[in-house]
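Participant: Predicted coordinates and the sequence they were generated for:
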Amino acid sequence: MNRESVRKNSRRNIGLLAAGLILLGVAGALQAAARLAPGFGEWYAAAIYPAIVGVYGRICGVFPFSVVEIMLYIGIIWLIWYILSHLKQITSIASCLIFLTGLLAFLYTADCGVNYYRRPFSSYLGLEVRESSVDELYALCEYLTEKVNETVDNSSYDRSWTLEGQKAMGRLGQQYSQLAGYYPRPKGLLVSRILSVQQLSGVYSPFTVEANFNREMTDYNIPHTICHELSHLRGFMREDEANFIGYLACIGSDHPAFQYSGYMTGWVYAGNALARQNRELYAQLYSRLNEQAAADLQENNAFWNRFEGKVAEVSNQMNDVYLKVNSQEDGVKSYGRMVDLMLAYYRR
């Protein structure tokens, strides 16, 4: 390599290093502001983040496939090639990795991390979230059992569900202004097994502002998952609240598959809570389920049981740490709060 090439490489490495450190600094400053400055998270989620979704989300939304999925495959191949072709240039590898780390940290923080510190969605509803008796829980489960039997649907997934997910969230946005705005079309992963082995039904990508879902799972799960992931694009990151928003969007939809998905998902969460309190009452309600609904639950359990193992265990532990790092102190236990929200909504 001649001197001119050495100088060019040196300037490039310095530029990448500087850019990476600047991006890391900006990401750190945003995180600090969100955690320490009262009201910053709410202001950012309401004033800045919608513009990101409106611009960046629209760009990635043009593509019919999951952009983040394709970028993942291309990125892995490119990174392996880059490292192998620069094995004797440790400085080049280090500067490249620092830049990529800074870029990902910035995108994550700007498109996701700050939103964890906004007001919870439940605070806009005036719901009385409190401890409830077993009788109240049973009443909710009885109501959900009736609604599941009324709306039971055996439709198979098709691409029109993604459009219906947009419509369902848009309709809910007319009722709650905090959910109003542009929703990119959600996308099923081409290789959904990536999510299945982690026992994940969907994932929001802050790097491309996309709502992604698992196409392999039992069909009744898909509509609720679509709405759950889309709720993150309105800046509501808490998993319990995303579940609740997804529930509201589905039961308010005109599409039979979405109504069924919403009530079934609600039944599963509330039913599991009831089973922990009174197994006999749970068994009574389960016996009253429509045959199709009971079959769907069995199929769903069989599907996820196939992926029990070390990968799923590690994924669950990582998800637990991730939630705690973002100030959801209960970790994965926070998913159970959806029942409290449904109870409060049912009481009202």
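Facilitator: Alright, I've got the coordinates.

Participant: so where do the strands sit in this structure?
Facilitator: Under the criterion DSSP state E, the chain contains strands at 187-188, 202-205, 210-213.

Participant: Which other helices and strands does the second one contact?
Facilitator: Read that as strand 202-205. strand 210-213, helix 221-231 (3 or more CB pairs under 8 Å, 6 or more residues apart in numbering; DSSP states H and E). Placement of C-beta: from N, CA and C, glycine included.

Participant: Need the per-residue pLDDT for Asn13.
Facilitator: Predicted confidence (pLDDT) for Asn13: 87.

Participant: OK, contacts around it?
Facilitator: By CB atoms under 8 Å, 6 or more residues apart in numbering, the contact list for Asn13 reads 91-92, 95.

Participant: Would you mind measuring from the closest residue to it other than its chain neighbours to Leu16?
Facilitator: Spatial nearest neighbour of Asn13, chain neighbours left out: Ser95 (4.1 Å); criterion: CB to CB, 6 or more residues apart in numbering. Going from Ser95 to Leu16 by CB to CB, to the nearest Å gives 4 Å.

Participant: ok, Gly165 to Phe63 distance?
Facilitator: Taking CB to CB, one finds Gly165 at 17 Å from Phe63.

Participant: okay, these two: which has more neighbours?
Facilitator: It is Gly165, of Gly165 and Phe63, that has more neighbours when counted by other CB atoms under 10 Å, with 30 against 13.

Participant: Not counting sequence-adjacent ones, nearest residue to the more buried one?
Facilitator: Ile226 (3.7 Å).

Participant: Repeat that for Glu241.
Facilitator: Phe121 is the one closest to Glu241 (CB to CB, 6+ apart), at 4.7 Å.

Participant: Neighbours of the one you found, how many?
Facilitator: Neighbourhood size, Phe121 [other CB under 10 Å]: 23.

Participant: and stretch 120-140, average pLDDT?
Facilitator: The pLDDT scores in stretch 120-140 average 88.

Participant: Ends of that stretch, what's the gap?
Facilitator: 23 Å (CA to CA, to the nearest Å).

Participant: buried sites along it?
Facilitator: 120-122, 125, 127, 129, 132, 137-138, 140 (16 or more other CB atoms under 10 Å).

Participant: Dump those residues into TSV; add distance to Tyr44 as well.
Facilitator: Compiled in TSV, those are given as follows (distance: CB to CB, whole Å):
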residue	distance to Tyr44
Pro120	15
Phe121	16
Ser122	19
Leu125	21
Leu127	24
Val129	25
Ser132	34
Leu137	36
Tyr138	41
Leu140	35
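
Participant: In helices, which of those residues appear?
Facilitator: Secondary structure from DSSP state H places 137-138, 140 of the buried residues of stretch 120-140 in helices.

Participant: who's in contact with Tyr183?
Facilitator: 165-166, 169-170, 230, 233.

Participant: let's go with 10 Å and repeat that
Facilitator: 53, 57, 61, 165-170, 173, 211, 226-227, 230-231, 233-234 (CB atoms under 10 Å, 6 or more residues apart in numbering).

Participant: and if you look at Glu308?
Facilitator: Gln199.

Participant: do Gly20 as well
Facilitator: 94-103, 105-106.

Participant: Is there a quick ChimeraX command that grabs whichever of these are buried?
Facilitator: A single ChimeraX command selects the buried members of the contacts of Gly20 (16+ other CB under 10 Å):
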select :95,96,97,98,99,100,102,103,105,106
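
Participant: Could you check how far Ala45 is from His232?
Facilitator: Computed as CB to CB, the Ala45 to His232 distance reads 11 Å.

Participant: from what I can see Tyr73 touches Val191, true?
Facilitator: Yes: between Tyr73 and Val191 there is a contact under CB atoms under 10 Å: 8.5 Å.

Participant: quick one: Gly20 and Ile80, what's the gap?
Facilitator: In this view, Gly20 and Ile80 are 20 Å apart by CB to CB.

Participant: now swap in Asn154 and tell me
Facilitator: From Asn154 to Ile80 the distance is 45 Å (CB to CB).

Participant: So the two - more neighbours on which side?
Facilitator: Each of Asn154 and Ile80 has its neighbours counted (other CB under 10 Å); Asn154 has more, 13 against 10.

Participant: before we move on, the earlier item: can I get the contacts of Asn13 in JSON lines including pLDDT and distance to Ile222?
Facilitator: Formatted as JSON lines, these follow (pLDDT from 0 to 100; distance: CB to CB, whole Å):
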{"residue": "Thr91", "pLDDT": "88", "distance to Ile222": "47"}
{"residue": "Ser92", "pLDDT": "87", "distance to Ile222": "44"}
{"residue": "Ser95", "pLDDT": "91", "distance to Ile222": "43"}
